[in-house]
Every structure is written in structure tokens, then in C-alpha cells.
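*Asks:* How does the following fold in three dimensions:
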Amino acid sequence: MPPKVDVCERRYVFQPDPTAMPFVPTQACPALDHAAGAGTAYQSYKATYQAAFQSAVDAGAGSRPKPSISSDQEAKVVSEWTHKRRAATGADRTAFDAARRIAGRTSRWDG
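*Replies:* Numbers count the residues shown, from 1 in each chain. Prediction:
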């Protein structure tokens, strides 16, 4: 069975209360009494979510983040990757140098 849809305040209202005043698309919506089941369903969902969230927090409470690469190792990896990329593409200058050449400047101090 398709849902019942009405329009008021230029908005769609799904499953409106059948005992409410008639809906007029350009006028204010009548006071809506939300179904009691919706509130119960939301409270159930909220309790389930909170329990799952707390369980996840408790499971990871004693663990520390795993260490990442140290800064020196990371710098070495990035440097090696950059040299390999330049060798593979034939680029021997940085993007900054290329932009300077395009702009007609020959040194960093040419203003």
C-alpha cells in the first residue's frame, strides 16, 4: 500500500494524521501528532546505538594508537619517491622552478 501524502506550507507531509484538519498546500500545516510508534522506535534505535558505541569505546579504551613511521624514515621515503618520480618523468626541476621560468624570472629574488 503506498504511503498517504499531503501538502502544506509548500512541503510534503507523509502519513499525516487522518483526524487532523484538511491540508491546504499554500497554508500553514495543522498541528501534527506523530505516531507513538515512531517515538518508541527512535528510543529503541538510540539505546541500541549508545550500547554499540560504548562497547566500541570500551574495547579500545586501553589500547594506544599504533606508531607511525618516524619523521626521519618518513622523510627518507618521501625523498626516494620524489627522486624516482622525477627520474621516471624526466623532470629535473620542481614545480616552483617551472612556474618561475614561465613567469620569466630566473632567480627567487627577482621580485
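*Asks:* So in this protein, where's the weakest helix or strand by average pLDDT?
*Replies:* helix 95-103 (a mean of 69; mean pLDDT, DSSP states H and E).
*Asks:* Could you check how many residues crowd around T48?
*Replies:* For T48, the count of nearby residues is 10 (other Cβ atoms under 10 Å). C-beta here means a position set from N, CA and C on the backbone, and glycine is covered the same way.
*Asks:* any idea how far it lies from A41?
*Replies:* 11 Å (Cβ to Cβ, to the nearest Å).
*Asks:* and Q27, what does it touch?
*Replies:* By Cβ atoms under 8 Å, 6 or more residues apart in numbering, the contact list for Q27 reads 8-9.
*Asks:* Am I right that it falls within a helix?
*Replies:* No: using DSSP: H, G, I helix; E, B strand; the rest coil, the assignment for Q27 is coil, not a helix.
*Asks:* so what pLDDT did it get?
*Replies:* Here the pLDDT value assigned to Q27 is 86.
*Asks:* cool, and G62?
*Replies:* Per-residue pLDDT puts G62 at 67.
*Asks:* One more: Y42?
*Replies:* pLDDT, read off for Y42, is 85.
*Asks:* And the helix or strand containing it, what does it pack against?
*Replies:* Per DSSP states H and E: Y42 is located in helix 36-60. Helix 36-60 is packed against no helix or strand, with contacts defined by 3 or more Cβ pairs under 8 Å, 6 or more residues apart in numbering; DSSP states H and E.
*Asks:* buried stuff in that helix?
*Replies:* Using 16 or more other Cβ atoms under 10 Å as the test for burial, helix 36-60 gives no buried residues.
*Asks:* what residues are up against E9?
*Replies:* With Cβ under 8 Å, 6+ apart, E9 has these contacts: 27-29.
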